[in-house]
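Engineer: generate coordinates for the sequence data below:
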Amino acid sequence: MSIATNLLHLHFETFVDDHEKWKTLIADDLLWELPYAPGLGHPERLTGRDQVLGHVRWFIQAVENFRFYDLRIHAFADPRMAVAEVKAEGLIKQTGRIYRQDYVLFCRIENGRIAFLREYFDPIRAAHALGEPIASAQQ
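Structural biologist: Model (predicted):
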């Protein structure tokens, strides 16, 4: 198991269930790209620990019984990089709707910590569960 596959595995194990441990996995200057999040009115990128933790705090507070499953992690030739495919579900507290999602998450490790994440998900599923409209496409 490479350092990237190991840390990506730990990311999914601890993100919700042991959030304090999860915080030790991320670099202070973590860049987390969310290319489809603007469709929900959320930022396309989170830069640095404060922005990341603020967004993660919002997510954890918004969802109940969130869990990841069917995790598949794929190593790259470069041991500092990996990609994961994973399914997730949880209850959105505000709407009472079940949120089901398929994610693809790329990561890069620097100095033993997660320094870069790029997360792909279906914003339409998220908008439906959150009870929010999809933001109009930029032209």
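Engineer: identify the single longest helix in the protein, thanks.
Structural biologist: Ranked by residue count under DSSP state H, the longest helix found in the chain is helix 48-62.
Engineer: how about low-confidence regions in this protein?
Structural biologist: 136-139 (pLDDT under 70).
Engineer: now the helices for it?
Structural biologist: 3-14, 19-23, 48-62, 123-130.
Engineer: dump the third one to PDB, keeping only the CA atoms.
Structural biologist: Spelled out, that is helix 48-62. What follows is helix 48-62, C-alpha atoms only, in PDB (Å, rounded to 0.1, in the frame of the first residue of the first chain):
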ATOM      1  CA  GLY A  48      -6.000  26.200   3.600                       C
ATOM      2  CA  ARG A  49      -7.000  24.500   6.800                       C
ATOM      3  CA  ASP A  50      -9.500  27.200   7.900                       C
ATOM      4  CA  GLN A  51     -11.500  27.200   4.700                       C
ATOM      5  CA  VAL A  52     -11.500  23.400   4.600                       C
ATOM      6  CA  LEU A  53     -12.500  22.900   8.200                       C
ATOM      7  CA  GLY A  54     -15.200  25.500   7.900                       C
ATOM      8  CA  HIS A  55     -16.800  23.700   4.900                       C
ATOM      9  CA  VAL A  56     -16.400  20.300   6.500                       C
ATOM     10  CA  ARG A  57     -18.000  21.500   9.700                       C
ATOM     11  CA  TRP A  58     -21.000  22.800   7.700                       C
ATOM     12  CA  PHE A  59     -21.300  19.400   6.000                       C
ATOM     13  CA  ILE A  60     -21.000  17.300   9.100                       C
ATOM     14  CA  GLN A  61     -23.600  19.500  10.900                       C
ATOM     15  CA  ALA A  62     -26.000  19.300   7.900                       C
END
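Engineer: tell me the angle that helix makes with helix 123-130.
Structural biologist: 50 degrees (axes from the mean of the first three to the mean of the last three C-alpha atoms, to 10 degrees).
Engineer: buried residues of helix 48-62, list them for me.
Structural biologist: Val52, Leu53, His55, Val56, Ala62 (16 or more other C-beta atoms under 10 Å). (Glycine included, C-beta is placed from N, CA and C.)
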